[in-house]
Every structure is written in C-alpha cells, then in structure tokens.
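Chemist: model this:
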Amino acid sequence: MTGTQGDLVQSWLNRISGLNQWRQSGQRAPNKPLLLLYALGRLHNYGNSRVVFESDEIYLKKMLEDFGPPRPHGHSPEYAFSRMNRDRIWRIDTPDGIPPVVDSRRALVEADAVGRLPDEDEELLVARPELFSQTVQKLLRGNWPDSMHSEICERVGLELESILAGDAGEAGMAADTAATGRQAEQKRDPDFRPQVLRAYEYQCAMCGWDARLSDSSVALEAAHIQWKAYQGPDDTRNGLCLCVLHHRLFDRGVLGISPDLRVVVSQDFNGRGMSAQLVIELANQQITPPQAPDQRPDEQYIVWHQEQVFKSPARVPH
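Modeler: Got it, this is the predicted structure:
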C-alpha cells in the first residue's frame with residue numbers, strides 16, 4: 001500500500017468511527033447508518049453511490065420504519081441526508097451547484113438534491129473490497145443485532161455472506177480502534193448463550209421449543225433484550241432463551257415482553273393459520289421464567305426494548 005492510499009484508508013476509517021449519531025439514554029437513531037448502507041449498496045451494484053432524494057425518499061423512509069425505533073409521528077430521512085456531509089462522508093450535488101442551506105424535505109426536493117460519497121472514497125472502496133466489507137460490518141454491528149443483518153443487507157442490495165467472506169479480520173478492526181482512540185467494539189461473552197439457555201432450561205421462553213439433535217439444542221438462541229450495540233450487557237437478566245423464529249420477531253419489534261413477563265404482540269403484525277398460532281395467540285401469555293429469581297429479566301432492559309424496538313401499540317388479546 002502506498003503512503004497516500006494508506007492515508008485515505010485511515011481517513012475513511014476515522015470518519016466512519018466518528019459518524020455523528022444522536023444518542024441519549026440508549027435511544028436509537030440509525031438514520032445515518034441506514035442511509036450510508038443504502039449508498040454502499042448502490043455503489044456495489046451500480047458503480048456509484050448516488051441517492052436521489054426525491055425518488056429514493058419513500059424507500060429510505062420504509063427502511064427507517066422497519067429497522068429504526070418506533071416513532072409515533074413517522075421517520076424523516078431528510079435530516080440524515082442533509083447533515084451527513086458534516087461528517088465529511090457525504091456530499092450533496094444539485095443542478096446549479098448550490099446545495100440547500102435548510103435541512104428540510106422541501107428544500108431537498110426543490111433543489112433536486114443528490115447525495116453521494118466523495119469520489120476518492122468511492123474509488124477507495126471499489127479498489128479495496130476488504131475495506132468495503134469492514135465498513136458494512138462495522139455499521140451493522142454498531143446498530144443492530146446479528147439476527148437482523150441478513151435482512152438489512154438484502155434490503156440495501158448486498159449479500160451478507162459475501163460481506164462476511166470479504167472480512168478484513170480482527171487486525172483491521174484493531175487498527176481502526178488504535179487509530180481513532182475509541183473504545184474497541186464490545187465483544188459478546190462466549191458464556192452468555194450457555195448461561196441463558198441453562199437458566200431457561202433449554203426451551204424457548206415464549207413457545208416452549210426444546211428440540212435437540214443428539215445432545216445439543218437445536219434452533220435455540222440467547223436474545224439480548226437491550227441490544228449489545230446499545231450497551232446491553234451479557235447478563236442473564238438481559239437475556240431471553242428464544243427459538244430462532246421468536247428471536248427474529250423479538251428483534252424486529254413484532255414481539256416484546258411486559259414488566260410482569262407477559263408476551264406482547266404488535267398490532268402491526270398480521271397473519272392467519274400458522275402465523276396466528278405461532279405469534280398472535282401468544283399475546284398476554286406468561287413467558288416461561290428462568291429457574292432462579294435473580295435471573296429474571298430486569299425491568300430497565302424491558303422498558304428499553306418497549307421504547308426503542310417494539311412496534312407499539314400492542315394487540316389486545318381476545
């Protein structure tokens with residue numbers, strides 16, 4: 001690597017690590033990471049990262065609704081679109097060469113605004129697939145649990161398997177951390193899963209799934225109630241043993257739990273037949289509690305999930 005290219009790589013990593021996201025008391029605001037992932041998907045598929053605000057706004061808003069926190073008044077993709085240039089990761093082009101000075105949807109539409117990565121960053125990411133992969137993984141891991149990564153990648157036009165295959169590895173992540181002076185990415189405690197599964201006696205806390213292959217549990221996972229990316233600890237009080245299906249729905253906000261440990265189901269979820277049996281009929285059912293009282297889910301983590309993940313309002317059981 002030449003010195004100049006090395007400087008470009010380091011500059012990009014510094015800017016990604018310093019992406020200015022509003023976070024307060026664990027509240028989620030993944031607008032910029034989602035917009036950046038969408039632009040990276042376009043770069044991968046079309047050779048440039050151009051995002052036309054007026055034509056892509058509906059798609060961006062839908063992604064925020066699906067992968068962002070619940071917002072009673074809806075999501076507004078214009079703020080990330082306008083403000084990401086302050087992170088020196090984004091530029092806004094207009095036909096007259098004058099970017100909007102007001103952070104509003106109307107200003108972006110009237111200006112025919114097009115956002116994209118700077119030319120030198122596009123060229124760098126195309127030339128260095130491992131850096132592209134590292135960037136995507138960093139954005140995913142810093143904002144969503146593993147159960148959602150594949151679906152988010154599919155939505156922005158990327159394949160998670162290909163991204164993982166292009167991983168630069170721990171050395172690349174270590175270099176990033178050393179250069180930025182930021183705290184290293186939180187690593188998941190390898191004991192978290194076995195501790196949570198043991199606490200719940202190797203069965204899904206919602207449906208009771210307890211299948212085994214020989215002497216190993218199958219399709220059971222340890223779900224974080226408050227996500228790891230948002231300072232959720234690897235502690236049984238922040239864990240639930242869930243089957244793969246209910247883990248995915250829990251992380252998507254279809255399912256939640258109440259402080260008295262009952263299942264809540266979003267009114268936005270619809271289904272008949274098997275869907276009703278596996279999901280809707282769980283509403284207001286008591287979850288299977290862990291063996292020991294001191295392993296019960298802590299209310300602070302439940303409240304975080306209710307406020308930041310669950311798609312309220314909840315269904316009223318018949």
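
Chemist: on the three-state scheme, Q134 is what?
Modeler: Following DSSP: H, G, I helix; E, B strand; the rest coil, Q134 is assigned to helix.

Chemist: quick one: P99 and A113 touch, right?
Modeler: Yes: between P99 and A113 a contact is recorded at 7.1 Å, counting by Cβ atoms under 8 Å. C-beta coordinates here come from the backbone N, C-alpha and C atoms, glycine included.

Chemist: looking at these two, which one has more neighbours?
Modeler: A113 (21 against 16; other Cβ atoms under 10 Å).

Chemist: not counting sequence-adjacent ones, nearest residue to the more buried one?
Modeler: Nearest residue to A113 in three dimensions, chain neighbours excluded: F53, at 4.7 Å (Cβ to Cβ, 6 or more residues apart in numbering).

Chemist: cool, P313 as well?
Modeler: Leaving out its chain neighbours, the residue that sits closest to P313 by Cβ to Cβ, 6+ apart is Q267, at 5.3 Å.

Chemist: OK, contacts around the one you found?
Modeler: Applying Cβ atoms under 8 Å, 6 or more residues apart in numbering, we find Q267 in contact with S312, P313, A314, R315.

Chemist: re earlier: number of nearby residues for the residue nearest to A113?
Modeler: The number of residues packed near F53 is 22, by other Cβ under 10 Å.

Chemist: check V114 too.
Modeler: 19.

Chemist: likewise E130?
Modeler: Counted with other Cβ under 10 Å, the neighbours of E130 add up to 12.

Chemist: pretty sure it sits in a helix.
Modeler: Yes: under three-state DSSP, E130 sits within a helix.

Chemist: and it, what's its pLDDT?
Modeler: The score at E130 is 95. That number is its pLDDT.

Chemist: L213 - how many residues pack around it?
Modeler: Quick note: L213 (other Cβ under 10 Å) scores 8 neighbours.

Chemist: can you check I92 too?
Modeler: By other Cβ under 10 Å, the burial measure for I92, its neighbour count, is 19.

Chemist: that one - that's part of a helix, no?
Modeler: No: under three-state DSSP, I92 sits outside any helix and is assigned strand.

Chemist: ok, now which ones touch it?
Modeler: If you count contacts by Cβ under 8 Å, 6+ apart, I92 has them with F81, S82, N85, P99, P100, A113, V114, G115.

Chemist: quick check: nearest residue in space to it, chain neighbours excluded?
Modeler: Closest to I92 by Cβ to Cβ, 6+ apart is P99, at 4.3 Å.

Chemist: all helices of the stretch 101-250 of the chain, in order?
Modeler: 105-110, 119-127, 129-141, 149-156, 160-165, 170-180, 192-199, 244-251 (DSSP state H, counting those that start in this stretch).

Chemist: which stretch in those helices has the least confidence?
Modeler: Looking at the helices of the stretch 101-250 of the chain, the lowest mean pLDDT belongs to helix 170-180 (a mean of 39).

Chemist: was I right about Q308 contacting P30?
Modeler: No: if you go by Cβ under 8 Å, Q308 and P30 don't touch, sitting 10.5 Å apart.

Chemist: please convert the buried members of the contacts of Q267 into ChimeraX selection syntax.
Modeler: Here is the ChimeraX command that selects the buried residues among the contacts of Q267 (16 or more other Cβ atoms under 10 Å):
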select :314,315
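
Chemist: and which of the contacts of Q267 is nearest to R296?
Modeler: Within the contacts of Q267, proximity to R296 (Cβ to Cβ) peaks at A314, which comes in at 20.6 Å.

Chemist: nearest spatial neighbour of the closest one, chain-adjacent residues omitted?
Modeler: With Cβ to Cβ, 6+ apart as the criterion, A314 has its nearest non-adjacent residue at 4.2 Å, and that residue is V264.

Chemist: the bottom helix or strand of the chain by mean pLDDT?
Modeler: When the helices and strands of the chain are scored by mean pLDDT, DSSP states H and E, helix 170-180 comes last with a mean of 39.

Chemist: break this protein into its domains for me.
Modeler: 3-180, 192-308 (automatic domain parsing).

Chemist: out of these, which gets the lowest mean score?
Modeler: Looking at the domains of the chain, the bottom one is domain 3-180 with a mean of 86.

Chemist: so what's the residue located most distally from the centre of the chain up against?
Modeler: Distance from the centre of the chain peaks at D96, with 35.9 Å (Cα atoms, centre = their mean). Going by Cβ under 8 Å, 6+ apart, D96 touches A111.

Chemist: do the same with L34
Modeler: With Cβ under 8 Å, 6+ apart, L34 has these contacts: L60, M63, L64, F67, G68, A80, I152.

Chemist: report the two of the residues you listed separated the most.
Modeler: A80 and I152 (15.5 Å).

Chemist: state the distance from the residue nearest in space to the middle of the chain to G115.
Modeler: Centroid-nearest residue in the chain, with Cα atoms, centre = their mean: W144, separated by 2.4 Å. Counting by Cβ to Cβ, to the nearest Å, the gap from W144 to G115 is 22 Å.
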